[in-house]
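just to be clear, the model below is a prediction. Sequence and coordinates:
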Amino acid sequence: MNIILQLSQSKSTVFTFDELKHIFWKTNNQVFKNKLSYYVKSWILERITRWIYNLKWKEINKFELANKIYSPSYISFFTALYHHSIIFQYEDDIYLAYKKSDTKKILDFNIRLKNLKKSILLNPSWIINNWFYSIASAERAFLDTVYLYWDIYFDNLERLDYTKILELLEIYKSKSLEKKIKSYFNKK
């Protein structure tokens, strides 16, 4: 099958160096780098950042891009809360739970990395993985946000499952967080 056709038909919108190497069936790194360089110069592939490419004409999924650049990570905080309709204010930046805090500008948006302890970050409970990116469930994003930012206003707490929240609280191992979470639901 034609490589370009195969990439066009893929549901993935961005490709790592290793994914492309696998698709191109190249084992020699230098031969493969030359092939990549040819496709970039031919305006077929575009280099987004180091080791990450996309097809020039295919729209990029920002969630997929963020997760492929920073791994292990998952979409959380304000991005996931907006995605799950817990907050209503849209922000173009993508918030990722990651092993360190930083902000990186990629294309026309920022990726905001937020540091979570390894025991929280690597715990897969209520992280939704759809093969292209990983995103926190509404409950997980809510807890991540309160854990880091503490005093936040949420527009739509009715969408949250309080039973799931209580189950997830065990990951954070924090009595003060547990108390804070309960205060959000006692306000009703």
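Cool, the structure landed.

what does the pLDDT read for residue 27?
Taken from the predicted model, the pLDDT recorded for residue 27 is 71.

again with residue 8
Residue 8 is assigned 88 on the pLDDT scale.

same question for residue 142.
In this model, residue 142 is scored at 98, pLDDT.

next one: residue 33
Reading off the per-residue confidence, residue 33 sits at a pLDDT of 88.

now do the SS call for it.
For residue 33, the secondary-structure state derived from DSSP: H, G, I helix; E, B strand; the rest coil is helix.

does the residue positioned nearest the centre of the chain have beta-bridge partners, and which?
Residue closest to the mean C-alpha point of the chain, counted by C-alpha atoms, centre = their mean, is residue 75 at 3.4 Å. Counting by DSSP bridges, residue 75 forms beta bridges with residue 96, residue 135.

which secondary structure elements does the host helix or strand of residue 66 sit against?
If you go by DSSP states H and E, residue 66 is part of helix 62-69. In terms of contact count using 3 or more C-beta pairs under 8 Å, 6 or more residues apart in numbering; DSSP states H and E, helix 62-69 is assigned the packing partners strand 52-55, strand 74-75, strand 94-98, strand 102-106, strand 109-115. Just so you know, the C-beta spots here come from the backbone N, C-alpha and C atoms, and that holds for glycine as well.

roughly how far out does the fourth one sit from the chain middle?
Just to be clear, that refers to strand 102-106. Relative to the mean C-alpha coordinate of its chain, strand 102-106 is positioned 13 Å out (C-alpha atoms, centre = their mean, to the nearest Å).
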